[in-house]
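**Student:** Build the 3D model from these lines:
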Amino acid sequence: MLSTTFVGEITANKSIEIPPQMMSKLELKEGDKVEVLIKRIRSRRLDIRISRNPLLKLFKLTADEKQS
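**Tutor:** Numbers count the residues shown, from 1 in each chain. Sure, this is the predicted structure:
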């Protein structure tokens with residue numbers, strides 16, 4: 001079972017979007033069931049946009065290990 005963590009934001013229509021990179025790495029498609037854990041973040045530091053998601057580096061390492 002693959003899993004990941006990412007910081008999302010609740011949209012105006014009260015939904016949370018899963019980033020396309022995460023959808024691809026987790027091999028998710030429309031209709032798949034997922035488990036969700038919600039934790040409210042109160043830190044203002046997360047308002048800073050990160051140009052590249054640091055979790056992608058972990059996915060690359062995991063993919064490389066999987067291929068070996």
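**Student:** When you work out contacts or count neighbours from here on, use the C-alpha atoms and nothing else.
**Tutor:** OK.
**Student:** Look at Ile18 and say how many residues are nearby.
**Tutor:** 13 (other Cα atoms under 10 Å).
**Student:** I meant Val36, not that one.
**Tutor:** Neighbours of Val36 (other Cα under 10 Å): 6.
**Student:** Report pLDDT for it.
**Tutor:** The model reports Val36 with a pLDDT of 87.
**Student:** Tell me if I am right that it is in a helix.
**Tutor:** No: under DSSP: H, G, I helix; E, B strand; the rest coil, Val36 sits outside any helix and is assigned coil.
**Student:** roughly how far apart are it and Ile10?
**Tutor:** 14 Å (Cα to Cα, to the nearest Å).
**Student:** go on, Pro19?
**Tutor:** 13 Å.
**Student:** Glu35 - how many residues pack around it?
**Tutor:** Using other Cα under 10 Å: Glu35 sits among 5 other residues.
**Student:** Likewise for Lys14?
**Tutor:** Quick note: Lys14 (other Cα under 10 Å) scores 8 neighbours.
**Student:** now Leu26
**Tutor:** Using other Cα under 10 Å: Leu26 sits among 14 other residues.
**Student:** which non-adjacent residue is nearest it?
**Tutor:** With sequence-adjacent residues excluded and distances taken as Cα to Cα, 6 or more residues apart in numbering, Leu26 is closest to Leu2, at 6.0 Å.
**Student:** The one you found: neighbouring residues, count only.
**Tutor:** 7.
**Student:** does it sit in a helix, a strand or a coil?
**Tutor:** Three-state assignment for Leu2 (three-state DSSP): coil.
**Student:** Between the two ends of stretch 23-42, how far is it?
**Tutor:** Span of stretch 23-42 from end to end, Cα to Cα: 26 Å.
**Student:** Next: stretch 12-27.
**Tutor:** 27 Å.
**Student:** Can you point out the buried residues in it?
**Tutor:** By neighbour count on 16 or more other Cα atoms under 10 Å, the buried set for stretch 12-27 is Met22, Lys25.
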